[in-house]
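>>> Fold the stuff below for me.
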Amino acid sequence: MITQEELKSFVSYDQLTGVFIWKASTNGRIKVGSVAGSLENNGYVRLSISGTRCLAHRLAMIYVYGSCGKYVDHIDGSRSNNKINNLRCVTKPQNCQNRKKSKKNTSGVTGVSLNKKNNRWFANIGHKGGLLHIGSFVRFDDAVLARKEAEKELGYCRGNQHA
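Numbering: from 1, shown residues only. Take a look at the predicted model:
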């Protein structure tokens with residue numbers, strides 16, 4: 001991985017916008033002063049420095065703090081938002097807590113599903129590598145409330161997780 005010193009010799013980083021700007025060309029095609037990196041199909045911004053492809057959120061942590069943990073979380077869930085106040089070093093379980101709602105989700109709320117056999121709403125939450133059953137509810141709103149309370153108790157950080 002690139003060092004802070006090497007990184008700062010190639011780019012400048014604006015902590016308020018999360019944008020990198022080229023200070024020096026690493027190949028003949030880079031224009032000094034232009035925005036560094038490009039948005040990939042998966043939503044992450046990636047830069048190529050001296051032939052090495054690097055994720056911008058990891059580079060932001062190196063630029064500001066000198067190093068980067070194994071996992072860097074985008075607090076708001078937006079993979080392209082690389083503002084330093086939107087990034088935090090986390091453990092793997094913490095990073096998994098902030099996953100977005102699955103495309104297969106039919107209830108509209110992460111961790112809440114309808115059991116069609118008994119027509120009850122189940123609330124579940126990931127915890128310590130497993131799935132913790134919160135409860136079974138007649139009303140959808142009760143299941144959602146139970147899930148949100150469990151998120152608070154277990155330290156899930158995003159309040160917009162269900163959006």
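
>>> which helices and strands sit right next to the lengthiest helix in the chain?
Longest helix in the chain by number of residues (criterion: DSSP state H): helix 140-154. When contacts are defined as 3 or more CB pairs under 8 Å, 6 or more residues apart in numbering; DSSP states H and E, helix 140-154 packs onto strand 112-115, strand 120-127, strand 130-137. Placement of C-beta: from N, CA and C, glycine included.

>>> Which among those strands is found nearest to Asn81?
Set against Asn81 and scored by CB to CB, those come closest in strand 120-127, at 23.3 Å.

>>> tilt between that closest one and strand 130-137?
Using axes from the mean of the first three to the mean of the last three CA atoms, to 10 degrees, the inter-axis angle of strand 120-127 relative to strand 130-137 is 160 degrees.

>>> Can I get the helices and strands packed on helix 140-154 in TSV including distance to Met1?
Output for these, formatted as TSV (distance: least, CB to CB, whole Å):
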stretch	distance to Met1
strand 112-115	39
strand 120-127	29
strand 130-137	32
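
>>> Can you report how many residues lie near Val11?
Val11 has 22 neighbouring residues, counting by other CB atoms under 10 Å.

>>> about what we covered before: so which of the helices and strands packed on helix 140-154 is the most packed in?
strand 120-127 (a mean of 19; mean count of other CB atoms under 10 Å).

>>> so how far is it from its chain's centroid?
With CA atoms, centre = their mean, to the nearest Å as the basis, strand 120-127 stands 22 Å off its chain's centre.

>>> Spatially nearest residue to Thr91, not counting backbone neighbours?
Excluding the flanking residues, the one nearest Thr91 by CB to CB, 6 or more residues apart in numbering is Tyr71, at 6.5 Å.

>>> I'd assumed Pro93 was in contact with the one you found.
No. Tyr71 is not in contact with Pro93 according to CB atoms under 8 Å; the separation is 9.4 Å.
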